[in-house]
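Trainee: Just to be clear, the model below is a prediction. Sequence and coordinates:
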Amino acid sequence: MFRVLQKFSNQNIGIVIAFSIFFTLCFTDSVESAQTRNAKTKATPAKKNAKSAPTPGKRAQAKATPTPKNSKDKKGKTNSSKSEARGSDSKNKSADKSRQSSSKTNQKTSAKQTKDSKSRDSKSKDSSSRQNAKNTKTDSRQSAKNTKSRDSKSDNSKNNRDSKNNRDSKKSTSSRTESRNTSARNSERRNSERRNTTPRNTSKSTTSTGKTTPKTESQTSTELPQIIVTDVSARVRSQAQANAPELSRLRLGTILKVTEKNPAWYKVQYTAGGKTANGWISANSVNDLNAGAREELYRQIVDRNYKAEMDFAAASEMVDFLTQVSSELGGSNSSAELELKRLLALKTALKKIPSGQGDRSPYREFLKTHEKSVIYSDPAGEWYVVSNLFWDLHKKYAATAIADQIAWEGAENSLPGECEGYVNCYLFSERMTNGEYLRLHPNGKKAPEALANLTRFLSAVVADLNQKSSYTGPTDVTDRADFNNLLAELRTIVSRLPLMEKEKTLGQLKQIAEAYR
């Protein structure tokens, strides 16, 4: 190369020097670019190492020790760029020395051209140094950006790993909690099954002969039913034996809580004197209180204890029991029968109260409890059931088969007071008893009997029409109007009857009307 330059130095030394400088700069840039690529290639594994995740088995260590930043790489890159700059400067200096030596040999012929080349050389040196500085700054900025991106990616991967670990931790915690709850429920179910499958009354005692006999001891349970007393004045005893001392008596329909039982006896809690007591009651005197069929259970209790003739204790307990359960009864024939028997039991209980002893116990308490349903008749010295209760009950169950019986019981019920021979009073009494039944049931089972009762009463009044010694008629205009209205109502009721006997009754009513005009 230098031989060629020497041949052409005499002709165009300036062009040769410029070409040499251009060639040197290109060679320097190629060397710098190759070194820069080598540096980037060496930095690439560092990125991979920075992104690599910690060992799965050491998650806790990975959290405690963050991924270190590659500060050494940054420094290394900076040093390499500086060394490259120094190398390029040294090469430029050597090239300058060679060019200076060659130019000295031809100083005489090209002094002016040498000065020009020196000035261009200095300018090119300055431009080269400025270019190298720019390249160095660009490399440092790019390295900083790469380092920041690696750090941000490392932080993001760390955060992702932390969030994933937190989710895994929560999932494992919830799964452990659910497994503990499931095991607890299974344990409770197994315990309840063991309790429910525990055999009852299996304990036996062995006698001296070697035979086994069942014990009479009771057995407790936490799921014993409520029971209801089905006998009048049921006895409570101190022990589960028929000959044990009697502690108390419980009224019909009393609901009891069972605390212990065996096949023939129940140990129950009851109230005595305002205090809670415990005792044993026979299983024959109680029944399980089944909420699904209570009306049928009540009917069975009434059928078992109701009688046409009862003493005051039995009748009063029956009344109290049916009064207590009346709100649970519906509109069926069975309900109508139970409500009717309540009024009949009340009627029986009132008859059993001795005359003049209504202010004594237990009659006083009974009358006070049912004061709205009873009325006192002073002439007779007796208590009667209010008749309107029968007629209201008939109205409630008019569409049932038992309505006819309800109306007849109302006709048979006594009215309070004494007529003392007053015709208007007797006519009113017949109208509200036999006459009311015939009005409601002209074809009823008791229609002939009701008509016969009415005819019998009118016969006594007709027999006295001539003398008028036993009966007296109306004396003023108001009483006469009531008299005429009562006769008209009875005449209308009787005329509708499909009975042949009604003609006689209609004739009697006509005779009475003419006699007391």
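Mentor: Done, it's in. Note that this is a predicted model, so its numbers are computed, not measured.
Trainee: okay, CA-based contacts and neighbour counts for the rest of this
Mentor: OK.
Trainee: surely Leu438 meets Pro448?
Mentor: No. Applying CA atoms under 8 Å, one finds Leu438 not in contact with Pro448, separated by 9.0 Å.
Trainee: neighbour-wise, which of these two wins?
Mentor: Leu438 (26 against 19; other CA atoms under 10 Å).
Trainee: Provide a list of residues in contact with that one.
Mentor: 444, 447, 450-451, 493-494, 497 (CA atoms under 8 Å, 6 or more residues apart in numbering).
Trainee: Helix or strand: which one has it?
Mentor: Assigned by DSSP states H and E, Leu438 belongs to helix 434-440.
Trainee: From Leu393, how far out is Glu337?
Mentor: 10 Å (CA to CA, to the nearest Å).
Trainee: ah, wrong one, I meant Cys425
Mentor: For Cys425 relative to Leu393 (CA to CA), the value is 25 Å.
Trainee: and what of Val268?
Mentor: 37 Å.
Trainee: other SSEs contacting the helix or strand hosting Phe457?
Mentor: Per DSSP H and E, Phe457 falls inside helix 447-463. Using 3 or more CA pairs under 8 Å, 6 or more residues apart in numbering; DSSP states H and E, the elements in contact with helix 447-463 are helix 434-440, helix 502-515.
Trainee: Turn those into CSV, including distance to Leu346 and mean pLDDT.
Mentor: Conversion of these to CSV gives the following (distance: least, CA to CA, whole Å; pLDDT from 0 to 100):
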stretch, distance to Leu346, mean pLDDT
helix 434-440, 21, 97
helix 502-515, 34, 96
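Trainee: Show me which residues of stretch 457-474 are buried.
Mentor: Residues 458, 461-462, 465, 471-474 are the ones in stretch 457-474 that count as buried (16 or more other CA atoms under 10 Å).
Trainee: I'd like the mean pLDDT over that stretch, please.
Mentor: Confidence over stretch 457-474 (mean pLDDT, whole number) is 93.
Trainee: Export it to PDB, keeping only CA atoms.
Mentor: Extracted in PDB, the C-alpha atoms of stretch 457-474 (Å, rounded to 0.1, in the frame of the first residue of the first chain):
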ATOM      1  CA  PHE A 457    -149.100 -26.700  75.300                       C
ATOM      2  CA  LEU A 458    -151.900 -25.100  73.200                       C
ATOM      3  CA  SER A 459    -154.300 -27.700  74.400                       C
ATOM      4  CA  ALA A 460    -153.800 -26.500  78.000                       C
ATOM      5  CA  VAL A 461    -154.400 -22.900  77.000                       C
ATOM      6  CA  VAL A 462    -157.500 -23.800  75.000                       C
ATOM      7  CA  ALA A 463    -158.900 -25.800  77.900                       C
ATOM      8  CA  ASP A 464    -158.800 -22.600  80.100                       C
ATOM      9  CA  LEU A 465    -160.300 -20.200  77.500                       C
ATOM     10  CA  ASN A 466    -163.800 -20.400  79.100                       C
ATOM     11  CA  GLN A 467    -162.700 -19.700  82.700                       C
ATOM     12  CA  LYS A 468    -159.400 -17.900  82.000                       C
ATOM     13  CA  SER A 469    -158.400 -18.800  85.500                       C
ATOM     14  CA  SER A 470    -154.900 -20.300  84.800                       C
ATOM     15  CA  TYR A 471    -153.800 -18.000  81.900                       C
ATOM     16  CA  THR A 472    -154.200 -14.300  81.300                       C
ATOM     17  CA  GLY A 473    -154.100 -12.500  78.000                       C
ATOM     18  CA  PRO A 474    -152.600  -9.200  76.900                       C
END
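Trainee: So what touches it?
Mentor: By CA under 8 Å, 6+ apart, stretch 457-474 touches 421-424, 480, 483, 505, 508-509, 511-512, 515-516.
Trainee: Using PyMOL, define a selection of the buried residues within the residues you listed.
Mentor: Listed next is the PyMOL selection for buried residues among these, using 16+ other CA under 10 Å:
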select buried, resi 423+424+480+483+505+508+509+512+516
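Trainee: Which positions in stretch 324-337 come out as buried?
Mentor: For stretch 324-337, by 16+ other CA under 10 Å, it's 329, 334-337.
Trainee: What of stretch 442-451?
Mentor: 442, 444, 446-448, 450-451.
Trainee: what's the answer for stretch 314-325, then?
Mentor: 314-322.
Trainee: which other residues reach it?
Mentor: Counting by CA under 8 Å, 6+ apart, 232-233, 251-253, 302, 305-306, 338-339, 342-343, 345-346, 348-349, 366 sit against stretch 314-325.
Trainee: So which of those residues are in helices?
Mentor: 302, 305, 338-339, 342-343, 345-346, 348-349, 366 (DSSP state H).
Trainee: Just give me the closest of those to Gly279.
Mentor: Gly279 lies nearest to Asn305 out of the ones in helices among the contacts of stretch 314-325, by CA to CA, at 23.5 Å.
Trainee: can you tell me which residues contact the closest one?
Mentor: 231-232, 318.
Trainee: likewise Gln239?
Mentor: So Gln239 contacts 245, 279-280 (CA under 8 Å, 6+ apart).
Trainee: cool, Pro448 as well?
Mentor: Here Pro448 is in contact with Leu499 (criterion: CA under 8 Å, 6+ apart).
Trainee: Against Gly331, how distant is it?
Mentor: 29 Å.
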